[in-house]
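Chemist: how does the following fold in three dimensions:
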Amino acid sequence: MYFHRKVGWPVQNEYTYTDMLAYFGVTTAHPGGKNITARAIDLLPIVNGMKIAELGCGLGDTAHFLATEKGANVYGIDVHPVMIQKARERHKDAFDRKKLHFLHTDAASIPFPDESIDGIIAESVLSFSNVHDVLKECRRLLRPGGFFASLDLVCDPAFPIVEKKEYSSFYGMKQLYTMNEWHDLLKSYNMHVQHTIEENPANLPAGDIPELLLSDDVPLKCYEIMENHITMLEKNQPFTRYAYFICKKDDQMNLI
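Modeler: This is a model prediction of the structure:
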């Protein structure tokens, strides 16, 4: 089983897919899980002391790994307060040592100076965001030659329109892109794709069940969302896969 994750917060008494992930405390919510993250990190030029931002960090496991195993100074960023609270509690030791930081802020408005970040990681974030605003912010923050690594859903061009709308509505996705559309979009923001790790969940063995850090007050609606999520994945599996795009910021590319 794998999860898509968006960054968000409930509106009044409505609960979203993101709220379900937060209240259940799904520690590895992105598609491909820890395996695809490890494969991507092996391709990244991370050295000790590098300043890295992880957008939509969730409960912070990827950020914690980068800080403790790679020696990076990591800033986990998420707009969902329950995610940030649980991330700080889960990784308290690294957080207290000031090696790992968790910021409650929007990925399109990060309070750092221009060209102050060496690398940015976004796992299952862009499809759920105002993608142009987020990519503009990433372009602003990254130093010349910095890396941008993004894991996201890849939509089959043959995805029936009705099912596609139902899928995006359930997950709160703002856009669903094909492989070519992702490449064109990233290029338009000076992100030169150097590697693409592509996976089709239909061709993979069943993944590990992610660890859960349940809240004391999980709303009943979140259980219903979890059940519907499993049904939605199975129904639309023929039309969805995912890919990790490993990019380098190239300031010589044309700006949009």
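Chemist: go ahead and confirm Glu199 touches Arg241.
Modeler: Yes. If you go by CB atoms under 8 Å, Glu199 and Arg241 touch, sitting 6.4 Å apart. Just so you know, the C-beta spots here come from the backbone N, C-alpha and C atoms, and that holds for glycine as well.
Chemist: so where's the protein uncertain?
Modeler: 1-13, 202-208, 253-256 (pLDDT under 70).
Chemist: show me how far the lengthiest helix in it is from its chain's centre.
Modeler: The longest helix of the chain (DSSP state H) is helix 220-236. In terms of CA atoms, centre = their mean, to the nearest Å, the centre of helix 220-236 is set 20 Å apart from its chain centre.
Chemist: now the element after that helix, going C-ward?
Modeler: strand 240-249 (DSSP states H and E).
Chemist: which neighbouring elements make contact with that next one?
Modeler: helix 33-42, strand 142-155, helix 179-188, strand 191-199 (3 or more CB pairs under 8 Å, 6 or more residues apart in numbering; DSSP states H and E).
Chemist: in its sheet, what does it sit against?
Modeler: strand 142-155 (antiparallel), strand 191-199 (antiparallel) (DSSP bridges).
Chemist: can you tell me how far Arg140 is from Ile209?
Modeler: Relative to Ile209, Arg140 is positioned 38 Å away (CB to CB, to the nearest Å).
Chemist: which one of those two has more residues nearby?
Modeler: With neighbours defined as other CB atoms under 10 Å, Arg140 and Ile209 compare such that Arg140 has more, 14 against 10.
Chemist: quick one: residues in contact with the strand or helix carrying the more buried one.
Modeler: Taking DSSP H and E as the definition, one finds Arg140 inside helix 131-141. Helix 131-141 has contacts (CB atoms under 8 Å, 6 or more residues apart in numbering) with 53, 55, 107-110, 112, 114-117, 120, 122, 125-126, 148, 174-175, 185-186, 189-191, 249.
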